[in-house]
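K.L.:
3D model of this:
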Amino acid sequence: MNIKYPQINNKSALAGFTLIEMLLVIAIIGILATVATLAVSSARAKARDTQRVDAIKTIQTALMSFKIDQGRYPTAEEFASGALIVTSTSGTTTYLAKIPSAPTVIDGTACVGSTFNYMPATDGRTYLLGYCLGSELNNLTAGWHCANPDGIDYSGVCSNFVCGVSTVEYDGGPYDYNGLTTTTGGYYRTVQIGNQCWLRDNLNVGAMIQNGNSEPQCLDLYTDYDPFGGVWSCQTSTSAIEKYCYNNNEVNINNTGGCSTDGGLYEWAQAMRLPYYCNWTHYTCDGSTCNSAEYPFLYSEGDHSGCSFPDPVATKRRGICPSGWHIPNDSDYRVSSDWVILEQQLANYSCDSGNQPFCSPAGHKLKKRYGLVDDNNVTGYGCQANYGSEYFGDDSDDADCGSSNFDGLLTGVRYHNSLFAYRGIISYFWSSTTYSAPTPFAWQRYLYFGYPGIYRPFGGLWNTSGVSVRCIKD
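P.N.:
The predicted structure follows:
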């Protein structure tokens, strides 16, 4: 019997994959590998985020223990040491032998850095601890967050303003974002004093102009008053902010003064953002408007012909301050005002800075403590006197010296006759409130070396004098 078997095409049966089939297999393998890699990468990223949150919680626990024992939270310098260890006469207490660091890998697109940012309040009462997550984790969104004594996520982000912790970004600011160094600048520190929030640094906004006592660079507003010296205004621009720098030094070299450490010195009209001739006019304020006798029109950015402006007792005057801040106001009648509230709460009694004892020891509390050196305290002057006597100091720092963290530096004055003088001896600060007519002055405050008061002089500096400006939050 002949049996016929079907023929097998060996060539066809034994042929390999086609090129297209091979490419398809390779693509599938690549996709599977990518998915697996992404899964592993995602798991690792989430693990790093978990590590960040766990580290923040560990730090918070140590901070709370520190606060219970020491009555305050650690300073930025103590935290930057890398450990929380306190040594005293009673022994050594270790709160955290090594402060955890954030994982160095930057996860996600929301984080531009991987560090933990510790920002304590100047008085040690609270802190912010910034950290960043690469992705959502346990109801925490991706991006920057702030921990504080109340929890792991203080109002979502670290950009929320906390006076004494947060800084203010504004032209001329001497510090970095964290308020720790002057390497980069662009930010002003803040300080909480009672219910008020002040800038902790003198304003340094604007372009430096050369001081002078001749035209056309400067203008003499009242030659008849001082025919030998004049009442010179050099801050005459109607658009740009201008400043004097002590001894015409933009940068302080060899401790001779300068805007880089002391801040700028401003005429009153410049501080208020009024035309220069408003330095010499007689005002009458009625609670609604401060009316200029010589230039009665209401000043506006579009009309520079007038000097009248809203009464700062009722309407806060921003002037050259950052948005949301204003030049501190005052009052002819010593009623509640920005300066009065500040000096009375520091003196701790109902005082009058226009009469003895001049709200002592509020002045000491407002000064920068002598010898408490950081990288911006290069003037070298602070209290260096106790308040046992109003008129004579004993060249020793007392406990009140610098205790408010206002950091008032004795930056000197640019007088109306164009002379710079008394750096390291005195510092003046403008208010937004003018004397009642017929005297064309604005109220001021000054701190004086060796004296513990804060002084409100009647018949003080002419408004063309250049002095320091501090801003208070609205």
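K.L.:
can I have stretch 263-276 written out in CSV, keeping just the CAs?
P.N.:
Provided in CSV are the C-alpha atoms of stretch 263-276 (Å, rounded to 0.1, in the frame of the first residue of the first chain):
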residue,chain,number,x,y,z
GLY,A,263,20.4,102.2,54.8
GLY,A,264,19.6,105.4,52.9
LEU,A,265,19.0,108.9,54.4
TYR,A,266,15.9,110.6,53.1
GLU,A,267,14.4,114.1,53.1
TRP,A,268,10.9,114.1,54.6
ALA,A,269,9.2,114.9,51.3
GLN,A,270,11.1,112.1,49.6
ALA,A,271,10.1,109.6,52.3
MET,A,272,6.4,110.7,51.8
ARG,A,273,6.7,110.7,47.9
LEU,A,274,5.9,114.4,47.7
PRO,A,275,7.7,117.0,45.6
TYR,A,276,10.8,118.4,47.1
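K.L.:
who's in contact with the closest residue to Arg72 other than its chain neighbours?
P.N.:
Spatial nearest neighbour of Arg72, excluding adjacent residues (C-beta to C-beta, 6 or more residues apart in numbering): Gly124 at 3.0 Å. C-beta: built from backbone N, CA, C; applies to glycine. By C-beta atoms under 8 Å, 6 or more residues apart in numbering, Gly124 lies in contact with Gly71, Arg72, Tyr73, Pro74, Thr75.
K.L.:
Provide a ChimeraX selection command restricted to the buried entries of those.
P.N.:
Buried residues within the contacts of Gly124, by 16 or more other C-beta atoms under 10 Å, are selected in ChimeraX with:
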select :73,74
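K.L.:
could the contacts of Gly124 go into a markdown table alongside secondary structure?
P.N.:
Converted to a markdown table, those look like this (DSSP: H, G, I helix; E, B strand; the rest coil):
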| residue | secondary structure |
| --- | --- |
| Gly71 | coil |
| Arg72 | coil |
| Tyr73 | coil |
| Pro74 | coil |
| Thr75 | coil |
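K.L.:
residue boundaries of the helices in the chain?
P.N.:
Shown for the chain, the helices assigned by DSSP state H span residues 10-13, 19-70, 76-80, 259-262, 268-272, 338-347, 362-366.
K.L.:
Compare the ones you listed and give me the one nearest Gly424.
P.N.:
When the helices of the chain are compared by C-beta to C-beta, helix 259-262 sits nearest Gly424, at 10.3 Å.
K.L.:
now that closest one, how far from the chain's geometric center?
P.N.:
Put simply, helix 259-262 sits 15 Å off its chain's centre (C-alpha atoms, centre = their mean, to the nearest Å).
K.L.:
what's it in contact with?
P.N.:
Against helix 259-262 from outside (C-beta under 8 Å, 6+ apart): 172, 174, 202, 204, 208, 243, 245-246, 249-252, 376, 378-379, 409, 411-412, 423, 468.
K.L.:
Could you rerun that using 10 Å?
P.N.:
172, 174, 182, 185, 201-204, 206, 208, 243-246, 248-253, 255, 265, 375-379, 409-412, 423, 427, 468 (C-beta atoms under 10 Å, 6 or more residues apart in numbering).
K.L.:
Using CSV, list the CA coordinates for that helix.
P.N.:
Taking Å, rounded to 0.1, in the frame of the first residue of the first chain, the C-alpha atoms of helix 259-262 are listed here in CSV:
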residue,chain,number,x,y,z
CYS,A,259,24.1,102.8,52.5
SER,A,260,25.2,99.1,52.3
THR,A,261,25.1,98.8,56.1
ASP,A,262,23.2,101.9,57.4
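K.L.:
domains of the protein?
P.N.:
49-162, 167-179+192-474 (automatic domain parsing).
K.L.:
okay, those domains, which one's buried deepest?
P.N.:
A comparison of these by mean neighbour count, using mean count of other C-beta atoms under 10 Å, puts domain 167-179+192-474 on top with a mean of 19.
K.L.:
Can you give me the pLDDT of Thr271?
P.N.:
For residue 271 the amino acid is Ala, not Thr. Note for Ala271: predicted pLDDT of 97.
K.L.:
thought it was touching Pro312?
P.N.:
No. In this structure Ala271 lies outside contact range of Pro312 using C-beta atoms under 10 Å: 11.6 Å.
K.L.:
Which neighbours do the two have in common?
P.N.:
With C-beta under 10 Å, 6+ apart, Ala271 and Pro312 have common neighbours Gly319, Ile327, Ser431, Ser432.
K.L.:
measure the closest residue in space to Thr126 that isn't next to it in sequence to Lys316 for me?
P.N.:
Nearest residue to Thr126, sequence neighbours excluded (C-beta to C-beta, 6+ apart): Pro149, at 5.9 Å. According to C-beta to C-beta, to the nearest Å, Pro149 stands 31 Å off from Lys316.
K.L.:
that older thread, pick out the shakiest of the helices of the chain, pLDDT-wise.
P.N.:
helix 10-13 (a mean of 48).
K.L.:
Against Pro296, how distant is the closest residue to Pro310 other than its chain neighbours?
P.N.:
Spatial nearest neighbour of Pro310, excluding adjacent residues (C-beta to C-beta, 6+ apart): Thr289 at 6.0 Å. From Thr289 across to Pro296, the span is 10 Å (C-beta to C-beta).
K.L.:
what sits in contact with each of these two?
P.N.:
Ser308.
K.L.:
so Ser353 sits right up against Ile341, yeah?
P.N.:
No. Taking contacts as C-beta under 10 Å, Ser353 lies outside contact range of Ile341: 11.7 Å.
K.L.:
that older thread, out of the helices of the chain, nearest to Ser323?
P.N.:
Short answer: helix 268-272, nearest of the helices of the chain by C-beta to C-beta, at 15.8 Å.
K.L.:
helices and strands around the closest one, which ones?
P.N.:
strand 242-243, strand 426-434, strand 442-448 (3 or more C-beta pairs under 10 Å, 6 or more residues apart in numbering; DSSP states H and E).
K.L.:
Any chance of those in a markdown table with mean pLDDT and distance to Ala80 as columns?
P.N.:
As requested, these are exported to a markdown table (pLDDT from 0 to 100; distance: least, C-beta to C-beta, whole Å):
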| stretch | mean pLDDT | distance to Ala80 |
| --- | --- | --- |
| strand 242-243 | 97 | 33 |
| strand 426-434 | 93 | 30 |
| strand 442-448 | 91 | 31 |
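K.L.:
Next up, phi/psi of Phe358, please.
P.N.:
Phi and psi for Phe358, reported as degrees, to the nearest 10, are phi 60, psi 40.
K.L.:
show me what contacts it?
P.N.:
Phe358 neighbours (C-beta under 10 Å, 6+ apart): Glu343, Ala347, Cys351, Asp352, Glu390, Tyr448, Tyr451, Pro452, Gly453, Ile454, Tyr455, Arg456.
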